[in-house]
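> Take this sequence and fold it.
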Amino acid sequence: ASVTAAPSISPTSEVYATQGIPNAPVYAEWVTFTATITPNNNNLGTPTGYAVFKDAGTQFGPLVPLQTAIVNGVPVTTVTITTSTAGVQNLSTSPAGHPNITVSYLGDTNFAPATSLPFTNLLISAAPTKTILTGIPATAPQYGTQVTLIGTVCATQVNPNATNGCIATPFPGFKGTMSFFDGGTLLNPGGSPVLVDPNTGIASITITMTTPPLLGTTIAAHSITAVYNGDANFATSTSGAGNLSVVKGSTTSNVSSLTANPSVIGQVVSFQAQVLAPGSFAAPPTGTVNFMDGGSLIGTSTLVTVGGIATAQFTVPNGVSPLIPLTLGQHVISVTYSGDTNYASSATALSPACAPGVSAPCALVQTVNQATTTTTISSNQNGSITGQQVTLTATIQVVPPGAAVLSGPSAGPTGTVVFTNNAAGSLINVLGTGIITKTVVAGSTLYQATLTLASIPTGITAITAAYSGDVNYAASTSQPLNQSVSKNQSNMSL
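The predicted structure follows:
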């Protein structure tokens, strides 16, 4: 048999899942092309073999066998291919469409190869998408904490599973970006959209609960949306709004002593408070801290940031209030933080007080002990004569870091001084007792006791002064004073 002229090939139909978009398939839908092959000589029977489909001369899809069916008693030969617009690279979205899709019959023993006229221009639109926002915590996040917002985009129209929701498995190939908004304010770090994972359609950002990036007042409800910005094959879409309500950040307050503990009467004692915001990536808390002794307010200090930590210090006494130092005994020191616009208030517990190894915020027990003293003795007439009046003076000084307190319950030193002598080979003899008085000499406050003696025995006598101490100041004894007393010389004349 000899090969005749080529048969005529007529594109007869394009069938695709329009899903509400007349005459325009979308990316990732299935398109069916059908062409009819009509022999020019019916005496040779019907064409057999294979055909291929081409887009502008480039084949897409496999070899397709011809199919012949009897229609109204007449054999009709067709060739059909069904392909996804996402599955073949040259059948993607294009502004100009696809005006040159043809069928090429490969021929058989009776019929020569032939090529059809182009199908109707195929315009493929970007596939509709749906964006879903997740990651908003069920419990309102605190100021300064971090939240990861997640946007997931998926194709929504794919034949034969047309649906308004996401398909079971998103098509790979998302090449666009995702933007997250609080109202109209872009939340993306650095102001740049983030790339979407091409296989999962997921993009995420992690933001700190502060303003910026949030819109307006941080401690409020924020309307968050995720927007897929689209690409050549997938259209843009915006998620439903998610409500992100931010609450004040929690704080903990602790107090410590910057001074030795225990301290002593008259010593200047400094306390330090720290206000911490666990889990916060924002600036530290601001505001004021009250320092309490038991349940009583002793002072207020403003927080400053030191090494990234909100810190306040308070000193007792401080020249303003209180003017007097801590009294003898134990003082339960605690602090209360006032809170600010973004952080909640907090306080240390009054009980239990801090114990060794306890890390939880708790009150501090500052113990104040007696101050130590020194006693010195002096004489107004050392080298006196028998019968001459002598005044002994004992001066009581408080050993640093303790200090004499001018007024209040810790005022002193107070009490008495006992003067004794111990002449060579004699027993200790009490000379007398003096009461401590406070005097100011050349601008300095002195605590002294005096004893005036009408006469001291002849010779050298060792005199000491013993301070009795009081509830706040410890007793002390002076070093001996060697008091020299000479006989009175009489003048005789002849």
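> Strands of the stretch 301-450 of the chain, start to end?
In the stretch 301-450 of the chain, strands defined by DSSP state E, counting those that start in this stretch lie at 304-306, 309-316, 329-337, 346-347, 349-353, 362-369, 373-379, 384-385, 390-398, 416-423, 429-435, 437-441, 444-453, listed in chain order.
> Let me see the contact set for Ala347.
Going by CB atoms under 8 Å, 6 or more residues apart in numbering, Ala347 touches Ser253, Ser334, Val335, Thr336, Tyr337. (Each C-beta comes from the backbone N, C-alpha and C, glycine too.)
> Distance to Gly107 and mean pLDDT added to the strands of the stretch 301-450 of the chain, as JSON lines?
Formatted as JSON lines, the strands of the stretch 301-450 of the chain follow (distance: least, CB to CB, whole Å; pLDDT from 0 to 100):
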{"stretch": "strand 304-306", "distance to Gly107": "85", "mean pLDDT": "97"}
{"stretch": "strand 309-316", "distance to Gly107": "86", "mean pLDDT": "96"}
{"stretch": "strand 329-337", "distance to Gly107": "91", "mean pLDDT": "94"}
{"stretch": "strand 346-347", "distance to Gly107": "88", "mean pLDDT": "93"}
{"stretch": "strand 349-353", "distance to Gly107": "95", "mean pLDDT": "67"}
{"stretch": "strand 362-369", "distance to Gly107": "95", "mean pLDDT": "91"}
{"stretch": "strand 373-379", "distance to Gly107": "125", "mean pLDDT": "97"}
{"stretch": "strand 384-385", "distance to Gly107": "150", "mean pLDDT": "80"}
{"stretch": "strand 390-398", "distance to Gly107": "121", "mean pLDDT": "96"}
{"stretch": "strand 416-423", "distance to Gly107": "135", "mean pLDDT": "88"}
{"stretch": "strand 429-435", "distance to Gly107": "137", "mean pLDDT": "93"}
{"stretch": "strand 437-441", "distance to Gly107": "129", "mean pLDDT": "91"}
{"stretch": "strand 444-453", "distance to Gly107": "126", "mean pLDDT": "94"}
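> after the host helix or strand of Ile207 comes which helix or strand?
Counting by DSSP states H and E, the element that carries Ile207 is strand 202-208. Following strand 202-208 in sequence order, the next helix or strand is strand 221-228 (DSSP H and E).
> List the pairing partners of that next one within its sheet, with orientation.
strand 177-182 (antiparallel), strand 237-238 (antiparallel), strand 242-245 (antiparallel) (DSSP bridges).
> Can you tell me which of the ones you listed is nearest to Leu431?
For those, proximity to Leu431 was assessed by CB to CB; strand 242-245 is nearest, at 83.0 Å.
> right, and the helix or strand after that closest one?
strand 252-257.
> Any buried residues in that next one, and which?
Neighbour-count burial for strand 252-257 flags Ser253, Asn254, Val255, Ser257 (criterion: 16 or more other CB atoms under 10 Å).
> circling back: how about the strands paired with strand 221-228, which one is nearest Ile70?
strand 237-238 (48.4 Å).
> Can you say which of the contacts of Ala347 are buried?
Ser253, Ser334, Val335, Thr336, Tyr337.
> nearest to Val417, of those residues?
Of the buried ones among the contacts of Ala347, the one sitting nearest to Val417 (CB to CB) turns out to be Ser334, at 40.8 Å.
> Make sure the closest one is actually in contact with Thr348.
Yes: assessed by CB atoms under 8 Å, Ser334 is found in contact with Thr348 at 4.4 Å.
> what touches both of these two?
Joint contacts of Ser334 and Thr348 (CB under 8 Å, 6+ apart) are Val255, Ala363, Leu364.
> Return the distance of Ile124 relative to Ile101.
Distance of Ile124 to Ile101, given as CB to CB, to the nearest Å: 11 Å.
> Below-threshold pLDDT in the protein: ranges please.
Scanning the chain for pLDDT under 70 picks out the ranges 1-5, 16-24, 86-90, 157-172, 319, 351-360, 423-426, 489-494.
> and Thr80, how many neighbours does it have?
Counted with other CB atoms under 10 Å, residues neighbouring Thr80 total 18.
> and if you look at the one 3 residues further on?
Counted by other CB under 10 Å, the residues lying close to Thr83 total 16.
> so it is in which element?
Applying DSSP H and E, one finds Thr83 within strand 74-84.
> Run me through the strand neighbours of that strand, direction for each.
By DSSP bridges, strand 74-84 pairs with strand 30-38 (antiparallel), strand 67-71 (antiparallel).
> who touches that strand?
12, 28-39, 46-47, 51, 53, 60-61, 64-70, 91, 103, 105.
> What subset of these is buried?
Here, 16+ other CB under 10 Å leaves 28-31, 33-37, 39, 46-47, 51, 53, 60-61, 64, 66, 91, 103, 105 buried among the contacts of strand 74-84.
> Closest one of the contacts of Ala347 to Leu186?
Tyr337 (34.3 Å).
> State whether that closest one and Ser250 are indeed in contact, as I suppose.
No: between Tyr337 and Ser250 there is no contact under CB under 8 Å: 11.0 Å.
> Tell me the residues that contact both of those two, please.
With CB under 8 Å, 6+ apart, Tyr337 and Ser250 have common neighbours Ser346.
> Strands of the stretch 51-200 of the chain, residue ranges please.
58-65, 67-71, 74-84, 101-105, 114-115, 129-134, 146-155, 177-182, 185-186, 194-195.
> Out of those, which gets nearest to Phe281?
Nearest of these (CB to CB): strand 146-155, 5.8 Å.
> okay, the angle between the closest one and strand 202-208?
With axes from the mean of the first three to the mean of the last three CA atoms, to 10 degrees applied, the angle from strand 146-155 to strand 202-208 works out at 160 degrees.
> Count residues in the vicinity of Ser280, would you?
Neighbours of Ser280 (other CB under 10 Å): 22.
> typo on my end, it should be Gly183
Gly183: 12 neighbours (other CB under 10 Å).
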